[in-house]
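In: the sequence isn't on hand, but the structure is:
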Ligand SMILES: Nc1ncnc2c1ncn2[C@@H]1O[C@H](COP(=O)(O)OP(=O)(O)OP(=O)(O)O)[C@@H](O)[C@H]1O
Ligand SMILES: Nc1ncnc2c1ncn2[C@@H]1O[C@H](COP(=O)(O)OP(=O)(O)OP(=O)(O)O)[C@@H](O)[C@H]1O
Ligand SMILES: [Mg+2]
Ligand SMILES: [Mg+2]
């Protein structure tokens, strides 16, 4: 009697195939409201950026001095002709907002592409080879960390001139530190895994080990850092543009829009609120997404 | 012990449910057991059988996710599950105490040993500081710790594992508890240390008249100390009775299966290998580590291997035994050139590996392969079994199609179904993973196969299967096997010859028989003496087993 | 506020050096007028010259002016004022070795001579018509003994003058506190100061200035953006007044091709651009009350300036037609350099876009931009110019045109010759005629397109009596609480 | 420990050296410094004079070594803008920034650590979610925008606090909150994660098995261990905050080095910019050193390791 019960339990245990990592991930994804929300918002902003010409009611650069500073539609004096109102040069705010998503995303993605590449190469190299290589790279990282980020970025832009390209390059070459730090420790962890030793023993070359064994296993953490750094880059660009050392007008950068509108701060708060909230929502969504990726794909790297 | 004594602890029909998404509905179901004074009750069972959960439920340490759904835990006449939190807390540490498995992490690294013991007095008794200090010193002396005065002021990280476990025991005994729960207290320790702790516990049992609930998965330990035994499987008790009955006359098939899986001191009959050619020669290998703690940390020098030499013949299995830190792993990592030895020769089939350049080495790597201890970290979780199995052959220039075909065959050899190729490591159990590791090593058709503690992480039943598989493969492929273990029984079962290492040196070598029956070195003798349950003659049963493939 | 008789002034820039001769910022010019006096004083309303430290002056010849000095004036530190101070000051600043920052203000001075204790002669290197305007403006008289002792560094830390206000403390780059000079000499054209304490605070961010003004932290600010000004005027305790200044905005064309053979060297293109900028619209919508479209290459009140020059009305069709004639029917790419007023630059870029010129904006620091223009890296620059508040046409044209003037991108000999006459002749009619010719040619050849004059908004507490002046110099010694 | 400290100080010097090279070359990228010094109305002759006066016509490495040699002597050169020693200009403003950083850090820590602890004690409850939201909001809020909102509310609308300047402690309240709020999320998350980690650790289980009071378990056994990584992070955050003070100080017109840095960047006052970069870098390194020492004090494994 007892016997039969035991075997059935045993059978059901062994017979049931364990879920694949992907199935696990999908299950976690389905549970994760924050990630879903973040993803949704980001996709909406993405769509906005891609279909900007279709969505925007006006040319974002089209000035009309005769219809300056029109209030948004929810204010008494607003009209549906300009749902978000117009700016100081009579440009349609909604259209600028829509096109602004392009700038924000371009900044976010390109910066992370540059900084991620630099940081990952440095971090993985340091983590994999250790020893002296690690010492040199750690020193580099320490140097980078001790440089005041905002100040250096401002100095570079101030000297080389403000343009989208320079801002991206400046941020790209400054924001690699977190990539390097995280990739370094992640690689160190993986480096000590026995499957790396196994691959060596099986005659795999170092590049092959890096590509096949190290990289796929640090990828999750890379994605997490990349999302968070993307948010960071967008915020920094906004701050720099706010200080007047960001992208060049008349680009409809949200940060620049806040900067241009900040003179109306106390009287026409909506002009600051709209682009400000757009930055906030985008960064918020990206952060949710990053947290989500961490929870879903790499729950082990919670801190 | 006498049946008439009133039990200190009796667990009645305890069930603890697991929240949805777990691997089963109950962590334990309908568990009943009793612990009596001056008695050691051993709970034995394989990993995940519910041993820890039962003991945690008693101490009120269950994680929030797990809640007792039925049953009673009666201690001194009161049901612990009904007691208010505060009352229960005043029992813990006072009337009942617990020792944990991991001595390395069970003590708070931030406070001195003395401080952590004194806490108990502060909480449960009113004592002056001097009194408390004296009691701490007494306790430390009682558990045979050297220099109690100095030790009291030490931090946990300054102590060895065995010393920490003694501190844990001292802590548990502080207030003379009626019930002592020990959850695998010796699993993480070396045999010699384990023997000392076990004898300490036996000594305390009589001295303090406490009842001890001792959890383990090692039948040797059971044989060594148990008065009565409870066998658990998948959350159920399948058998219980006196130690003698359960060990020598088990009734339940599962118990029989477990006992028959326990490796025997007397392994296979000695084989004649004198005429086989020598495949592997290690000559005077030396390896010293110089560690530096980061950019400017202190440097430390460890002589891990101090000149080891040996030969292994084709078809032979050489066992390397020794306690933790004796240099076993370092030695074999030098053999396969994962570490660069400081000096020495490694000759495999007339090629001196130590003299090869990096480039030449890669071509020769296929001759020597290794299986690691931890089946969980030895497989890249991001690659399918198929990719893992063809990795080696591809590196050595085998065409892809052929490599895939061979991978499927290999899976058959290690008794897994070929459709496992598409799956990821996470979908396999520990034993199955170890089989995959073996298949991966075999894929490049090595001449020498090294197994570094390849079965230590596995349950006995699985351990036995893997050992059998290794022996079969060795014979089938004419492999040379270097088998590293800290478990003398395992070594005896599979090896032809044995090397004993201590502090980086080989202190004894010889055939299994010679080493086990007539050890010459004091250290070997000590090791053998420390083997738990060495007096237990393991009965033989007919059992059918073999886990279903994949 | 009025209750503690303290005026809190918000300034966007800091005065990096309190020594009047070692600062070029307007803030420095303003503070100078409060701390020191000059020999003469130019009336802010009718631009007439009034006696100040000098009671009278007389041109002895084309290069010599004699001043009779006022008696009984003392410096803040008690040092009496007399001819030695004047002579010392003029000799100090005209000596190139002393490297005073603004050489333009002093390079015409040969030196000064003491005639007697109350008479001084200032010697010119060559005839220089606006000399009196300079003497009435940026050339304050320093105490000779004190300055000889402490030098520019000491003067920076602890300025001493004869002016209506005395410096109490200087927190470099942050705050300057001044107190009314109790012993200010009677009869000064500046009048006696009424407000006891002036606190000059540096608040670079315009928003913060407005916030402070609204919350009562400061009592006075200027250069509020026209939109801000409009909205500020709706705030109960605040009044906003506008005041025109001599500053004008203009486009400088590289007509001579210093930056290479760009389309800008083509007269038709320059004229097309001049017709394409919607100056009137910009002035109406984006500039403060009081700003107006300007046509000549100078500010109309300036001596020698005339508005009777060829003008360019806003006419897109004509501009397009000119572009076609010039051979650019499809337009071209152009970089517009500028150093301030991004929004105005944006609108001009937009305007030029309408005639096919695809403009990229390029913001630079002024010093850098000037260098770039000299080095031939700029074809079109949007500048603004305040003529140092010198009410003479030479203050404007003299900087951008003339033989040997490196910032001259027109390099028109005819223009330069006429200007030479205007700049160096004392006779007013001759000057006016020469300037008129030059200005006419400048406009006709479109070397420079004057855009507009800048009017400033002054926003301050309603309880304050304050009148702005056209020379961009707020005079707090004339301000008072209601 | 002493040797360790000395080694760290040596490291700090080394970093200061490399950072100074970076700072120097970066700032010298700023085009022609002489032009910037001479000002809007300068003529070419003026510029040449400036160039000659400051030795800007010599090769860069020569200038660098001279500059560095002076730094070693404690001389950062002369501010091109103020014409006074850059060291004085910077040191004059440094206290403001340090106070701002200190207050901001206090704000961040005082809010973040309790919040992190509470969240860890009640994981996945509304408290946990609420504190996580506070954190995520903080991370997503552009600092300048948050600062402007605070200024609008407390300075203009309510008139509770002064808006700009740094004369009294009241001037520091809004800026500290604005600055600290950005640093808070990271500290909170780490406290929470560390606490969760520690609460499920073996030694906390041991402490519970000893029947200790929850209070003792939490504050004696758990918190100390959980705080060890937080200390390092906090040091790093202080470094970031000193950098972030550029924005906050500019908005609130606090005369600290951050604001000075922005202005100096704009007017190419390179000795000052170089000096600030250098000083901030050294402060950062010193902070990590202090954090390490603090960790050594908290964690005997480091101290006695
Ligand atoms: N916190 C938890 N949440 C969910 N399930 C749990 C939890 N802890 C334990 N379990 C489940 O309870 C069952 C019994 O676990 P337990 O730790 O008692 O096993 P064990 O016999 O002590 O094994 P081992 O020898 O590995 O320590 C297992 O199936 C396990 O998965
Ligand atoms: N990479 C390393 N750096 C520094 N010291 C090391 C390193 N690897 C091993 N050691 C030291 O060398 C000695 C031998 O270690 P080794 O791992 O070979 O022992 P082992 O016999 O395999 O022990 P175990 O049974 O615990 O696996 C130990 O003292 C260990 O601390
Ligand atoms: Mg267990
Ligand atoms: Mg080992």
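Out: Received it, and whenever you're ready, just let me know what you need. The structure presented is a predicted model; accordingly, all values stated were derived computationally and were not measured. Ligands and ions are numbered 1, 2, ... in the order given.
In: contacts for the helix or strand containing residue B:258?
Out: If you go by DSSP states H and E, residue B:258 is part of helix B:253-261. Residues from elsewhere that reach helix B:253-261, judged by Cβ atoms under 8 Å, 6 or more residues apart in numbering or on different chains: A:3, A:6, B:44, B:46, B:219, B:231, B:233, B:238-239, B:246-247, B:250, B:460-461, B:463-464, B:538-541, B:543, B:545. Backbone N, C-alpha and C define where each C-beta goes, glycine included.
In: residue A:170: what secondary structure?
Out: What DSSP: H, G, I helix; E, B strand; the rest coil gives for residue A:170 is helix.
In: wait, it sits on residue A:153?
Out: Yes. At 4.9 Å, residue A:170 counts as touching residue A:153 under the criterion of Cβ atoms under 8 Å.
In: just checking, next helix/strand downstream of the helix holding residue B:258?
Out: Next along the chain after helix B:253-261, taking DSSP H and E as the criterion, comes strand B:278-292.
In: just how off-centre is that following strand within its chain?
Out: 26 Å (Cα atoms, centre = their mean, to the nearest Å).
In: right, is it up against ligand 2?
Out: Yes. For a cut-off given as Cβ under 6 Å from any ligand atom, strand B:278-292 has contacts with ligand 2, namely B:289, B:291.
In: what's that strand packed up against?
Out: Applying 3 or more Cβ pairs under 8 Å, 6 or more residues apart in numbering or on different chains; DSSP states H and E, we find strand B:278-292 packed against strand B:299-313, helix B:328-335, strand B:343-348, strand B:480-485.
In: quick one: residue D:266 from ligand 2, how far?
Out: The gap separating residue D:266 from ligand 2 is 53 Å, by Cβ to the nearest ligand atom, to the nearest Å.
In: sorry, slip of the keys, the one I care about is residue D:10.
Out: Look at residue D:10 and ligand 2: by Cβ to the nearest ligand atom, they are 25 Å apart.
In: how about low-confidence regions in chain A?
Out: Residue ranges of chain A with pLDDT under 70: A:1-21, A:297-303.
In: center of it - which residue?
Out: The C-alpha lying nearest the average C-alpha coordinate of chain A belongs to residue A:230 (Cα atoms, centre = their mean; 2.3 Å).
In: wait, isn't that residue in contact with residue A:114?
Out: No. Here residue A:230 does not reach residue A:114: they are 11.8 Å apart, not a contact under Cβ under 8 Å.
In: residue of chain D closest to ligand 1, please.
Out: Nearest residue of chain D to ligand 1: residue D:200, at 9.0 Å (Cβ to the nearest ligand atom).
In: what about that residue, how many residues nearby?
Out: When neighbours are counted by other Cβ atoms under 10 Å in any protein chain shown, residue D:200 registers 10.
In: check contacts around it.
Out: Each residue near residue D:200 by Cβ under 8 Å, 6+ apart is listed here: residue B:63.
In: ok, how many other residues are close to residue C:329?
Out: 11.
In: which bits of the stretch 201-303 of chain A sit near chain B?
Out: Applying Cβ under 8 Å from any Cβ of the partner chain, one finds that the stretch 201-303 of chain A approaches chain B through A:201-205, A:208, A:212-213, A:216-217, A:219.
In: cutoff 6 Å now
Out: By the rule Cβ under 6 Å from any Cβ of the partner chain, the part of the stretch 201-303 of chain A lying against chain B is A:201-204, A:213, A:216-217.
In: tabulate those (TSV), appending neighbour count, distance to residue C:275 and secondary structure.
Out: Formatted as TSV, these follow (neighbours: other Cβ atoms under 10 Å in any protein chain shown; distance: Cβ to Cβ, whole Å; DSSP: H, G, I helix; E, B strand; the rest coil):
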residue	neighbour count	distance to residue C:275	secondary structure
A:201	25	80	helix
A:202	27	78	coil
A:203	21	77	coil
A:204	22	72	coil
A:213	22	69	helix
A:216	14	64	helix
A:217	21	67	helix
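In: tell me which of those residues is nearest to chain D?
Out: Nearest to chain D out of those is residue A:217 (Cβ to the nearest Cβ; 21.1 Å).
In: quick check: the closest residue to that closest one other than its chain neighbours vs residue B:476, distance?
Out: Spatially, and ignoring its direct neighbours in sequence, residue A:217 is nearest to residue A:190 (4.9 Å; Cβ to Cβ, 6 or more residues apart in numbering or on different chains). Distance of residue A:190 to residue B:476, given as Cβ to Cβ, to the nearest Å: 34 Å.
In: go on, residue B:221?
Out: 35 Å.
In: what's in contact with stretch B:218-226?
Out: With contacts defined as Cβ atoms under 6 Å, 6 or more residues apart in numbering or on different chains, stretch B:218-226 is touched by B:40, B:42, B:44, B:198, B:202, B:229, B:243, B:247, B:262, B:532-533, B:536.
In: over to stretch C:393-411?
Out: By Cβ under 6 Å, 6+ apart, the list of residues contacting stretch C:393-411 from outside reads C:130, C:254-256, C:258, C:297-298, C:302, C:304-305, C:374, C:387-388, C:415-416, C:419, C:423, C:435, C:447, D:44.
In: now for residue C:404, how many residues are close by?
Out: 6.
In: if we can go back for a sec, for the host helix or strand of the residue nearest to residue A:217, packing partners?
Out: Element membership of residue A:190, judged by DSSP H and E, is helix A:177-191. If you count contacts as 3 or more Cβ pairs under 6 Å, 6 or more residues apart in numbering or on different chains; DSSP states H and E, helix A:177-191 packs onto helix A:93-129, helix A:131-146, helix A:215-242.
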